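Trainee: predicted structure and sequence below. I'll ask about it afterward.
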Amino acid sequence: MQVRPRHTPAPEPTAPEAPHLAHLKAIGTAGLDKYLGYYFETYLSMACPGKILRTLVCLEQRDGRVYYQRTERLVEHPHEKAYHGIYLGMAHFLTDRIFLADYESLTGLEMTQTILFPSFKNRVTRLTGLKLGVSGSGERMPCCARVVYEFLGQTIDVRRALRLCGLYDADDQRVDAATRVAVVNDVAPGEWHFRGRF
């Protein structure tokens, strides 16, 4: 008969960030249901000044959290194969603002944060806000740009949507006029900060 006490394995240590992530999940997921689906994200490119960049974003819910994938499609030279950048992140809805934070999953060299105004209508059509990141060029300059999210639906032809993504000239008519105006990065008289606009 063994008389020594049984050894109880020590519990696995909890990562220091785990309580913070659990708290964000608890307070930041409610209210995002109506925002799930696909979007065109449009803003002035940080790597190619003067060009408009359109990417495809998909928000989906898994295990009680809202995750998203942002896909960039870039063709650097005509007749060359398109390059795809994949950004993975999480979304949170905190006091009437939508927060998106992601990282570039293929190289691990970039993170971005986007803050959007929610839709105050029953139906989601367009969301606007600000995007903060670094240029993908060798300069890696921290930049902030106005951004527009155009809702496409919960089920779409993804390949067709991706073919519409990429770089556009600032006056390209394939980007609607309202979006071209919304992504202009100007500062109005009396503004002390670079601000988002409804």
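Mentor: Arrived safely, thanks for sending.

Trainee: the spatially most central residue of the chain: helix or strand, and which one exactly?
Mentor: Taking Cα atoms, centre = their mean, the centroid of the chain lies closest to L100, which sits 5.2 Å from it. Per DSSP states H and E: L100 is located in strand 98-104.

Trainee: how far does that strand sit from the chain's center?
Mentor: 5 Å (Cα atoms, centre = their mean, to the nearest Å).

Trainee: give me the buried positions along it.
Mentor: Residues I98, F99, L100, A101, D102, E104 are the ones in strand 98-104 that count as buried (16 or more other Cβ atoms under 10 Å). Every C-beta, even on glycine, is put in place using the N, C-alpha and C of the backbone.

Trainee: can you check stretch 188-198 too?
Mentor: G196.

Trainee: ramachandran coordinates for R160?
Mentor: With angles defined as degrees, to the nearest 10, R160 sits at phi -60, psi -40.

Trainee: follow-up on the earlier one: how about residues contacting the very next helix or strand once past the strand holding L100?
Mentor: Going down the chain from strand 98-104, the next helix or strand is strand 111-116, by DSSP H and E. Outside strand 111-116, the residues that touch it by Cβ atoms under 8 Å, 6 or more residues apart in numbering are 87, 89, 97-104, 127-133, 147, 149, 196.

Trainee: contact partners for Y35?
Mentor: L59, V66, A91, F93, I98, P118, S119, V124, L127.

Trainee: can I get those in JSON lines with distance to L167 and pLDDT?
Mentor: Listed next are the contacts of Y35 as JSON lines, based on distance: Cβ to Cβ, whole Å; pLDDT from 0 to 100:
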{"residue": "L59", "distance to L167": "24", "pLDDT": "98"}
{"residue": "V66", "distance to L167": "28", "pLDDT": "95"}
{"residue": "A91", "distance to L167": "25", "pLDDT": "96"}
{"residue": "F93", "distance to L167": "31", "pLDDT": "94"}
{"residue": "I98", "distance to L167": "25", "pLDDT": "96"}
{"residue": "P118", "distance to L167": "28", "pLDDT": "95"}
{"residue": "S119", "distance to L167": "27", "pLDDT": "91"}
{"residue": "V124", "distance to L167": "26", "pLDDT": "94"}
{"residue": "L127", "distance to L167": "22", "pLDDT": "97"}
